[in-house]
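Visitor: just coords:
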């Protein structure tokens, strides 16, 4: 263990990596006796793998029964510091790798980072991005904006809508999105759906976005996180979706000034322009279908270079809803009311199946009403079969 802990001294660390290493040693001091009891067989020769190995040891090899209560906090901080180190190193790598290595990295981390589910979210939003918020169902608006609810029926929303950036805590934003959807439509209209997005396009969006919150002295709620969620979902090839947590990791890893919730100028001039100078982002449009999808979403997919533990994919809101056991009281069926738009989307997806008889298709409106009132689409179709089949 002593050899492992001191090995970064022999590595050529950058200033940010050296800072992460020194922070690591601060928390190691409180856990030294516990760590020394662990037998180490893997001695990485680079800082990225060193951070991964020590993080793995803390998570799986450390005897937690020997920890004192006052050691839990430094252990948690040590793990977070090592996670930050992994993110910083992987993002540093992202600044220099070409497109083929970017693709390989996506595939290598696909399972841990829930890439398939993330792509389903981006595909779905791509299919509705030409709609205005005013014309979207409430569920679609929330999917675009990043807030997962129980009304996101898993037969339509087979993904966690909060991947890339959750806006669940942005209460004022969601209030305005519900009452002033046209204002957000007008702001996003400055960002073209295809082709180059210029600085002037972005600045016009920012001005319109801030103006929504300025009317009643709630300007502090016009945060960069919320703005970038909207931008990245509209143009995932151009923008990175931020959260307060991701700002620090991305700033360090990409070597740009540290952003905060009001860093609208730095987001463009530092983060987005740095992104546009990477070899993989500037690569030509690929002909391979699988690579093409990654290329179309490449800016937002920089999330996959951030640290992910083994539980990240399993914490998907979609999987939790899908795998949640049904809890109903005897004699009581709990149903969930849905909007008409959501019910229609669920029913139309089910009616697209080839093996349904014509009389079921002819009863679409009846089935929609049943689903709107809370039945699942399978329950509604089965009922129609039993009555009229």
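Guide: On my side now, so go ahead. Please read these numbers as outputs of a predicted model, since none were measured by experiment.
Visitor: three-state assignment of residue 52?
Guide: helix (DSSP: H, G, I helix; E, B strand; the rest coil).
Visitor: Looks like it contacts residue 83 (just checking).
Guide: No - using CB atoms under 8 Å, residue 52 makes no contact with residue 83, being 9.6 Å away. Quick note: C-beta positions are derived from backbone N, CA and C, even for glycine.
Visitor: if I look at the residue lying closest to residue 4 once chain neighbours are set aside, how far off is residue 50?
Guide: In space, and not counting its chain neighbours, residue 4 is closest to residue 40: 5.0 Å by CB to CB, 6 or more residues apart in numbering. To residue 50, residue 40 is 11 Å away according to CB to CB, to the nearest Å.
Visitor: okay, the two: which has more neighbours?
Guide: residue 50 (26 against 16; other CB atoms under 10 Å).
Visitor: Tell me, how many residues neighbour residue 384?
Guide: Using other CB under 10 Å, residue 384 has 19 neighbouring residues.
Visitor: okay, which residue is most central for the chain?
Guide: Nearest to the mean C-alpha position of the chain, by CA atoms, centre = their mean, lies residue 164 at 1.9 Å.
Visitor: can you pull the contacts of that residue?
Guide: 118, 121, 146, 229, 232-233, 241, 300, 303 (CB atoms under 8 Å, 6 or more residues apart in numbering).
Visitor: Go again with 10 Å.
Guide: The contact partners of residue 164, by CB atoms under 10 Å, 6 or more residues apart in numbering, come to 118, 121-122, 146, 228-229, 232-233, 236, 240-243, 246, 297, 300-303.
Visitor: and if you look at residue 112?
Guide: Counting by CB under 10 Å, 6+ apart, residue 112 has contacts 304, 307-313.
Visitor: give me that answer again for 6 Å
Guide: residue 308 (CB atoms under 6 Å, 6 or more residues apart in numbering).
Visitor: 110 is where my numbering starts, stick with that
Guide: Yep, numbering from 110; the last one is residue 221 now.
Visitor: mind listing what's buried in stretch 300-309?
Guide: Residues of stretch 300-309 classed as buried: 300, 306 (neighbour count, 16 or more other CB atoms under 10 Å).
Visitor: Just the terminal-to-terminal distance for it.
Guide: 10 Å (CA to CA, to the nearest Å).
Visitor: same thing with stretch 165-175?
Guide: From its first residue to its last, stretch 165-175 covers 18 Å (CA to CA).
Visitor: And for it, what's in contact with it?
Guide: 143, 147, 188.
Visitor: distance of residue 426 from residue 232?
Guide: Distance from residue 426 to residue 232, by CB to CB: 17 Å.
Visitor: Show me which of the two is the more surrounded one.
Guide: Using other CB under 10 Å as the criterion, residue 426 and residue 232 rank with residue 426 on top: 21 against 13.
Visitor: In contact with that one: list those residues for me.
Guide: Here residue 426 is in contact with 257, 269 (CB under 6 Å, 6+ apart).
Visitor: now do 10 Å
Guide: Contacts of residue 426 (CB under 10 Å, 6+ apart): 256-259, 261, 263, 266, 268-272, 275, 277.
Visitor: And residue 346, by the same measure?
Guide: 303, 306, 390, 404-410.
Visitor: pLDDT weak spots in this structure?
Guide: Low-confidence segments of the chain, defined by pLDDT under 70, span residues 325-327, 435-446, 462-463, 498.
Visitor: again, only using 50
Guide: 437-443 (pLDDT under 50).
Visitor: Which single helix of it contains the most residues?
Guide: As assigned by DSSP state H, the longest helix anywhere in the chain is helix 181-203.
Visitor: elements contacting it?
Guide: helix 124-137, helix 141-145, helix 156-165, helix 208-217, helix 353-363 (3 or more CB pairs under 10 Å, 6 or more residues apart in numbering; DSSP states H and E).
Visitor: residues of it that come out buried?
Guide: 183-184, 187-188, 190-201, 203.
Visitor: How far away from the center of its chain is that helix?
Guide: Remark: helix 181-203 is offset 18 Å from the chain centroid, using CA atoms, centre = their mean, to the nearest Å.
Visitor: Now do that helix against helix 208-217: the angle between them, please.
Guide: Relative orientation of helix 181-203 with respect to helix 208-217: 150 degrees, computed using axes from the mean of the first three to the mean of the last three CA atoms, to 10 degrees.
Visitor: so how far is residue 460 from the nearest residue to residue 132 once chain neighbours are set aside?
Guide: The shortest distance from residue 132 to any non-neighbouring residue, by CB to CB, 6+ apart, is to residue 190 (5.0 Å). Noted for residue 190: a distance of 52 Å to residue 460, by CB to CB.
Visitor: Also residue 219?
Guide: 32 Å.
Visitor: can you list the domain ranges for the chain.
Guide: Residue ranges for each domain of the chain read 111-203, 208-428, 449-497, as given by automatic domain parsing.
Visitor: How far does the first one stretch from one end to the other?
Guide: I take that to be domain 111-203. End-to-end distance (CA to CA), domain 111-203: 31 Å.
Visitor: for residue 367, what are its contacts?
Guide: Per CB under 10 Å, 6+ apart, neighbours of residue 367: 356-357, 359-361, 375, 379.
Visitor: Show me which of those are buried.
Guide: The buried subset of these (16+ other CB under 10 Å) comprises 356, 359-361, 375, 379.
Visitor: Pick out the most distant pair among those residues.
Guide: 361 and 375 (14.0 Å; CB to CB).
Visitor: just to revisit the earlier point, adding secondary structure, neighbour count and distance to residue 155, write the contacts of residue 426 out as a markdown table.
Guide: As requested, the contacts of residue 426 are exported to a markdown table (DSSP: H, G, I helix; E, B strand; the rest coil; neighbours: other CB atoms under 10 Å; distance: CB to CB, whole Å):
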| residue | secondary structure | neighbour count | distance to residue 155 |
| --- | --- | --- | --- |
| 256 | coil | 21 | 39 |
| 257 | coil | 22 | 37 |
| 258 | coil | 15 | 43 |
| 259 | coil | 9 | 45 |
| 261 | coil | 22 | 41 |
| 263 | coil | 16 | 41 |
| 266 | coil | 25 | 40 |
| 268 | coil | 26 | 34 |
| 269 | coil | 25 | 33 |
| 270 | coil | 25 | 36 |
| 271 | coil | 21 | 33 |
| 272 | coil | 24 | 29 |
| 275 | coil | 19 | 32 |
| 277 | coil | 14 | 37 |
